[in-house]
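In: got a sequence here, can you model it:
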Amino acid sequence: MNTIKRIFSYYGRYPKLAIAQLVCAILMTIMLPIFSGVSGEIFKNVITVHKETEKTTKLIETIKNTPNADSATISAVTSALEEDLPDIESQSYKDNNRNNLLYYTLIALAAFFFRDFFNCLRILINNTFEQKAIFDLRSELYTKLQRLPLKWFDTKRTGDVMTRVAEDVPAMERLLIDGVEQGLIAVLQIIVIAAFLIWQDTILGLTALAPIPLLAVGAVIYTRNARGRHRDVKRYTGDMNSILSDNISGIRQIKSYAAEGEEKIRFNALSDKVRQATLKVMKYWAYYSPSMAFLTSIGYILVLGVGGWRIIQDPNVGVEIYIVFFTIIWALYEPISRLHGLNQMALSSKAAAERVFEILDTPDEIHANEGVELAQPVRGEVKFANMSFKYDDDTPTLKDITFTAKPGETIALVGTTGAGKSTLVNLLTRFYEYDSGSITIDDIELNTINKASLRSSIAYVTQDAFLFNGTVRENLVLGKRDATDDELWTALKAANASPFVERLPEQLDANVGERGVKLSGGEKQRLSIARALLKNQPILILDEATASVDSKTEQLIQDALDNLMTSRTAFVIAHRLSTIQNADCIYVLDLGEIIERGTHSELLALGGKYAQLSKQSFLEQNQ
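Out: Down below sits the predicted model:
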C-alpha cells in the first residue's frame, strides 16, 4: 500500500489541478442519476396517469351503457368518477401531457449535456495533471541515474536497467493515468449511485449493494498472493532483456564464434520463464474476473426479485421503481467491474514501481551537488599521500600510493594488466572514492570537492573510445558546448582527425552511428582525443589514448599532445615507449603498489621491472 501511495504522491505536487479534477468528477457523477429519476417521473406522472385516466374514461362509458341499470345509480357513480377527471380528447389535456414530457426530457437532456461537459473538462484537466506527474517521474528517474555512483552501475545489468526505464516506468504511468481517471470516477460513481438508490427505496437500494461485500472479499483473496506473481514477471523480463542487450552489443562476437544457436537457447530459456510467469498471472485473472462478474449478476437478480416482492407487498411502491433501478443500476456495477481491472493494473504497477523506487532510493554519489568548488584558475597540482583503495572485496586494489604531480608535469603510469593504473585515474575523477589516505588538487582534499567542479576541470580520454549515436559535431561539443566550427576543426587537426572527417560526405554533420560503428577504431579514438583537447582543461588524463592508432598516426597525435600538455598536469597510461619516455616522471605499478619511479633513462639504468617490461616488448617500440 505504501508503494501505491508513493506513486500517487506525484499528484500531490499539483493540488489546484487535483481539486479542479475532483470537482469536475463529482459534478459529472451527480448528473448520472437524473435520467433514472426523470424516467421514473415520466412513468409515474405522465404514462401511469394517462393510462389510469384512459382506463377510468372507458369504465365510465361501460357503466353508462350498462342495460337495465338504475339511472340514478349510474348518474351518481359516473359523476363521482368524472369528478376532476380530465377529458383525454381535449386539446388542453394533450397539451399538458406534451408539456410534461417536454419538461422531463429537457431535464434529462440537460443532465446528459452537463455530464459530458464536466467530463470534457475533467479529461482536459486530468491530461495536464497526469502528464505533469509523469514528466516529474521520468525526469526524477533520469536525474537519479545521472547521479548514481559508478559502483552501482558495476553491479547492474544494462538490460535490466533499460527494462526499468522502458517498461516499468510506463507500467507506473498506466496507474497514474487510469488509476485517477478511472479509479476516482468509479469510486465516486459507486457512492453517488448507492446513495441515490437507497434514497429511492432503502430496502431495494441495500439489496442492490448486497454483492459488494462478496466482491471486496474476492478482491482481497486475489490480491493477497498476486504480488509475488507480478514480481516474477518483472524480474524475468529484466533478465531476458539483459540477455538481449548483451547479444545486440556483442553480435559481432556471437557471429564470429558461430554461437547463434547457443545464445538462442539461453534467450529462449529466459523467455520461457517470462511466458510461464505471465501465464500464471493470467490464469488467476481468468478465475478472478468471471467470478466477480457472476457475483455482480447476482445483484441484478436480487433487485429483480426483491423489487417485485416490494411492489406486491407495499401499495406505496409503484411499478416505476423498476424503471428507476434498472435504468441506473448498471452505473453501480459497471465501475465495480472497472475497479477489478484497476486492481490487476495496480498489482502490476506496484511490482514495477518497487523496481523503479529501488533506483530512486539509492543514495546519490557523494558531492553530486554539494562540496567545495575548485578555485579558478586551477593550477593542477595533484598529490597522493598514502592513498589506498579496494573494490567491494577485501583485496586492496591500490596500497599506500604516494606521489606529487606538479602543475605542467606529465606523469606516466606503467604496469601489467590489473596493476591498478586505470583505477588510480578513476579515483582522481572520483568515479570511485578512496578508502584511506589523501588525494588533493591545489591543496584541496579530493573527497570534499564538488564533483561537477572537479570533472569540469579534467579532460579524460578513455581506453575504450565511446561515441554517441549522432554527428561528429554533436560528439565534439560534449567537450565545449558553445564551440565554433573553427574551434572544432582546430581540435580535429590537433588530434590528426581532420583528414578523415573532411572525407566524410557531410563532414562535421556526418552521423557516426551507434557507438561510432561507422568509423574505424583509430578514427573513433582520434575523435575522442579531439573532444578532450577541445575541453582544454588544466588536468589531462590519457588512458591508453593512443592504443587504437597505428604508429604513424600515434606520432602525429603525440606531437600535438606534447604541445597541449605544456602547462597542464597530464596523467598518461600507455604501453608504448614513445608515449611515456618523455614523461617528467614514470611510476611503475605492480599489484596495486608503486614499485619504481623515475625518468625513462633512470628506470632503464635501474634494471628493474620497467627495464624488464621493455625487454619483454610489453612496452612497444615504434617501428
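
In: now the stretch 501-623 of the chain, which segments are flagged as low pLDDT?
Out: 514-517, 521, 545-566, 575-579, 616-623 (pLDDT under 70).

In: what's in contact with stretch 389-401?
Out: Defining contact as C-beta atoms under 8 Å, 6 or more residues apart in numbering, one finds that stretch 389-401 is touched by 151, 384, 386-388, 420, 423-424, 427, 432, 434-435, 437, 592-594. The way it works is simple: take the backbone N, C-alpha and C, and place the C-beta from them, glycine included.

In: try it again at 7 Å.
Out: For stretch 389-401, the surrounding residues in contact (C-beta atoms under 7 Å, 6 or more residues apart in numbering) are 384, 386-388, 420, 423-424, 427, 432, 434-435, 592-594.

In: can I get these in TSV with distance to Thr278, neighbour count and secondary structure?
Out: Listed next are the contacts of stretch 389-401 as TSV, based on distance: C-beta to C-beta, whole Å; neighbours: other C-beta atoms under 10 Å; DSSP: H, G, I helix; E, B strand; the rest coil:
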residue	distance to Thr278	neighbour count	secondary structure
Phe384	53	23	strand
Asn386	55	11	strand
Met387	51	21	strand
Ser388	49	16	strand
Gly420	46	23	coil
Thr423	43	21	helix
Leu424	47	29	helix
Leu427	45	23	helix
Tyr432	39	18	coil
Tyr434	46	21	coil
Asp435	45	13	coil
Gly592	48	21	coil
Glu593	53	16	strand
Ile594	55	21	strand
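
In: which one of these is nearest Val38?
Out: Val38 lies nearest to Tyr432 out of these, by C-beta to C-beta, at 72.8 Å.

In: the nearest residue to the closest one once chain neighbours are set aside and Leu109, how far apart?
Out: Distances taken as C-beta to C-beta, 6 or more residues apart in numbering put Asn426 closest to Tyr432, at 5.6 Å, once the chain neighbours are dropped. From Asn426 over to Leu109 the distance is 72 Å, taken as C-beta to C-beta, to the nearest Å.

In: between those two, which has more neighbouring residues?
Out: The neighbour comparison of Asn426 against Leu109 (other C-beta atoms under 10 Å) goes to Asn426, with 18 against 12.

In: so the more buried one is in which element?
Out: For Asn426, the element it lies in under DSSP states H and E is helix 421-428.

In: so Ile328 sits against Val38, correct?
Out: No. Between Ile328 and Val38 there is no contact under C-beta atoms under 7 Å: 10.8 Å.

In: please enumerate the strands of the protein.
Out: 382-390, 396-405, 410-414, 436-441, 444-445, 458-461, 539-543, 569-573, 585-590, 593-598 (DSSP state E).

In: reformat those as JSON lines; add distance to Phe267.
Out: JSON lines is the format used below for these (distance: least, C-beta to C-beta, whole Å):
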{"stretch": "strand 382-390", "distance to Phe267": "36"}
{"stretch": "strand 396-405", "distance to Phe267": "34"}
{"stretch": "strand 410-414", "distance to Phe267": "40"}
{"stretch": "strand 436-441", "distance to Phe267": "44"}
{"stretch": "strand 444-445", "distance to Phe267": "48"}
{"stretch": "strand 458-461", "distance to Phe267": "35"}
{"stretch": "strand 539-543", "distance to Phe267": "34"}
{"stretch": "strand 569-573", "distance to Phe267": "37"}
{"stretch": "strand 585-590", "distance to Phe267": "40"}
{"stretch": "strand 593-598", "distance to Phe267": "44"}
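
In: tell me the domain boundaries of the chain?
Out: The chain breaks down into these domains under automatic domain parsing: 17-147, 161-365.

In: in contact with Leu604, which residues?
Out: 610-611, 614.

In: what packs against the biggest helix by length in the chain?
Out: Longest helix of the chain, by residue count under DSSP state H: helix 91-147. Under the contact criterion of 3 or more C-beta pairs under 7 Å, 6 or more residues apart in numbering; DSSP states H and E, helix 91-147 touches helix 15-30, helix 32-41, helix 169-181, helix 330-360.

In: kindly reformat those helices as a markdown table containing distance to Phe403, mean neighbour count and mean pLDDT.
Out: Shown next, in a markdown table, are the helices and strands packed on helix 91-147 (distance: least, C-beta to C-beta, whole Å; neighbours: other C-beta atoms under 10 Å; pLDDT from 0 to 100):
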| stretch | distance to Phe403 | mean neighbour count | mean pLDDT |
| --- | --- | --- | --- |
| helix 15-30 | 58 | 17 | 82 |
| helix 32-41 | 79 | 20 | 80 |
| helix 169-181 | 46 | 20 | 73 |
| helix 330-360 | 38 | 20 | 77 |
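
In: for Val187, find the nearest of those helices.
Out: Minimum separation from Val187 across the helices and strands packed on helix 91-147 (C-beta to C-beta) falls at helix 330-360, 7.4 Å.

In: for that closest one, the distance to its chain's centre please.
Out: Distance of helix 330-360 from its chain centroid, counting by C-alpha atoms, centre = their mean, to the nearest Å, is 16 Å.
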